[in-house]
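Undergrad: build the 3D model from these lines:
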Amino acid sequence: MNAPERVIFGFHTVLARLRAEPKSVLEVFLDESRKDARAKDLAAQVERAGVRLMRVSPSRLEGLAGGGRHQGVVAMVQANTKKQTLEELLESLKTPPLLLVLDGITDPHNLGACLRVANAAGAHAVIAPKDHAAGINATVSKVASGAAEITPYFMVTNLARTLADLKDRNIWIVGTQEKAGKTLFQADLPKSIAWVLGAEGDGMRRLTRESCDLLVRIPMGGVVESLNASVAAGICLFESVRRR
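TA: Okay, the predicted model is just below:
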C-alpha cells in the first residue's frame, strides 16, 4: 500500500523537504515564467535529488496550492508514515530535553509559527493533543518555513498522561499563566523542561494546568492582555536557551 500524499508549497518549505527527506518528494511544480536565481537554485536542488520537475502555468500552481501563497513552487510529497515515537526521541537525546507543549492551538497559522520558533530555539519536539489541535497541512508547512519538515510534532491521545510520563523522566512541566506569582525571569527554571502554552485568551485547560509543576507569567508592560502563542513560545524557549 502506497503512503498517502500531500501538497506543500513555498521555497523554504520545498527546499527543507528536499534536504531533509529527498526520497519523500514525488514531484515539484515550478512557475514556468520564473527564470530568477532563486528558481534556478531550486531547480538544481530538485535535479540533484533525482526528483521530477515540471514547469507549469501560474494558474496550475494556484489549483495545486488551493489558493495558498505558493511563491511559484508546489511539491507533491509522501506524508510521513514511519515516525520516531516521543519515547524513542527522548531516549536518544544527549542533552537535557527542551520541549514545547501546545494545548488548544487550533489555528494552522499559529501552529506553523510555533513550529518555526521551536526549531529556531533548538527545541527537540512540539507536543499537542489529538483533539483541540491543528494537524500538519500545507498552510502549517508554509508558515513554518521548513520547520514543519524537520521539527518532530507529536499529537498524543491523552495530554495529561503524556505530561505525567514526562515527569517520570525528570522533565519539569512549566506552564504560562497570566496570574502566576512569578515571572519566567524570576523563577528557577530546570534544564530539562517542557513549556506548556494554551490558546491565546483561553489559556490551558484545567487538567493541563493541574499537571504543571510550576506556573509562571510573562511580564506585560502595555495595555494588551495576552500574546500570540508563537510569540509567547519564543520568549519562553529562548529564556531556557539563554540560561543554558
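Undergrad: domain parsing for the chain?
TA: In terms of domains, the chain is parsed into 5-78, 86-243 (source: automatic domain parsing).
Undergrad: which ones are touching the most centrally placed residue in the chain?
TA: Residue closest to the mean C-alpha point of the chain, counted by CA atoms, centre = their mean, is Leu115 at 2.2 Å. Contacts for Leu115 were tallied using CB atoms under 8 Å, 6 or more residues apart in numbering; they are 126, 140, 144, 147-148, 151, 153. Yep, even glycine has a C-beta here, placed from its N, CA and C like the rest.
Undergrad: tell me which helix or strand the spatially closest residue to Ala232 that is not a sequence neighbour sits in.
TA: Nearest-residue entry for Ala232: Leu197, 5.6 Å, with adjacent residues in sequence omitted and distances by CB to CB, 6 or more residues apart in numbering. Under the assignment given by DSSP states H and E, the secondary-structure element containing Leu197 is strand 193-198.
Undergrad: what number of residues are in the vicinity of the residue nearest to Lys130 when sequence neighbours are not counted?
TA: Here the nearest residue to Lys130 in space, its sequence neighbours aside, is Met155; by CB to CB, 6+ apart that works out to 4.7 Å. For Met155, the count of nearby residues is 16 (other CB atoms under 10 Å).
Undergrad: before we move on, what about His132?
TA: 15.
Undergrad: what packs against whichever strand or helix holds Leu42?
TA: Assigned by DSSP H and E, Leu42 belongs to helix 37-49. With contacts defined as 3 or more CB pairs under 8 Å, 6 or more residues apart in numbering; DSSP states H and E, helix 37-49 has these neighbours: helix 11-20, strand 25-31, strand 52-56.
Undergrad: average pLDDT for the second one?
TA: If I follow you right, that is strand 25-31. The predicted model gives strand 25-31 an average pLDDT of 93.
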